[in-house]
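Undergrad: Here is a sequence with its predicted model. Questions after.
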Amino acid sequence: MACISLVRLACASTIVVSIIILPITASAQSGIASVYSGGRTADGERASPRGLTAAHRSLPFGTLVRVTDRSTGRSVVVRINDRGPFVRGRVIDLTPAAAHVLGFSGLAHVTLAVVGRSGG
């Protein structure tokens, strides 16, 4: 009897983890990245051009995303803390610091891969 309960608990836990984590970890996107800076972010933080943060239309705040420049292979991990970009064809807006790590200052063709969630 206890064995059946443990199996049910394990199955229920797997379902919950799948529902919560898979949509985040299964995300991969390609498109154009742009550089932006501003006052307040959508999550209420003060935007810092020196921070490794970004804006994405739909990923939850706190999501960590590896952004890879498709032409150079350089990559940087940023934390989503804002909404955007609101220009067709663009998939992410990066702070100047994140764009600097990738080696561009205007637009770049990138690939996005979700790598996790920030702790705070």
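TA: Arrived safely.
Undergrad: Which strand residues bridge the residue most central in space within the chain?
TA: For the chain, the residue nearest the mean C-alpha position is Val65 (3.4 Å; C-alpha atoms, centre = their mean). The residues listed as beta-bridge partners of Val65 by DSSP bridges are Val78, Val114.
Undergrad: Now do the same contact list for it.
TA: For Val65, the contact set (C-beta atoms under 8 Å, 6 or more residues apart in numbering) comprises Ala54, His56, Leu59, Val77, Val78, Arg79, Ile80, Ile92, Leu112, Ala113, Val114, Val115. All C-beta atoms are positioned from the backbone trio N, CA, C, and that covers glycine.
Undergrad: All the strands of the protein, residue numbers only.
TA: In the chain, strands defined by DSSP state E lie at 28-35, 53-55, 63-69, 75-82, 90-94, 107-117, listed in chain order.
Undergrad: Touching the first one from outside, list them.
TA: I take that to be strand 28-35. By C-beta under 8 Å, 6+ apart, the residues outside strand 28-35 that reach it are 67, 69-70, 85, 87, 89-96, 99, 102, 104-114.
Undergrad: and the angle for it with strand 63-69?
TA: Between strand 28-35 and strand 63-69, the angle comes out at 80 degrees (axes from the mean of the first three to the mean of the last three C-alpha atoms, to 10 degrees).
Undergrad: So for strand 28-35, what gets flagged as buried?
TA: Residues of strand 28-35 classed as buried under the neighbour-count rule (16 or more other C-beta atoms under 10 Å) are Gln29, Ile32, Ala33, Ser34, Val35.
Undergrad: got it, and the longest one?
TA: Of the residues in strand 107-117, Ala108, Val110, Thr111, Leu112, Val114, Arg117 count as buried by neighbour count, 16+ other C-beta under 10 Å.
Undergrad: and if you look at stretch 32-49?
TA: Ile32, Ala33, Ser34, Val35, Tyr36, Thr41, Ala47.
Undergrad: what residue ranges in this protein score low on pLDDT?
TA: Scanning the chain with the threshold set as pLDDT under 70 gives 1-27, 120.
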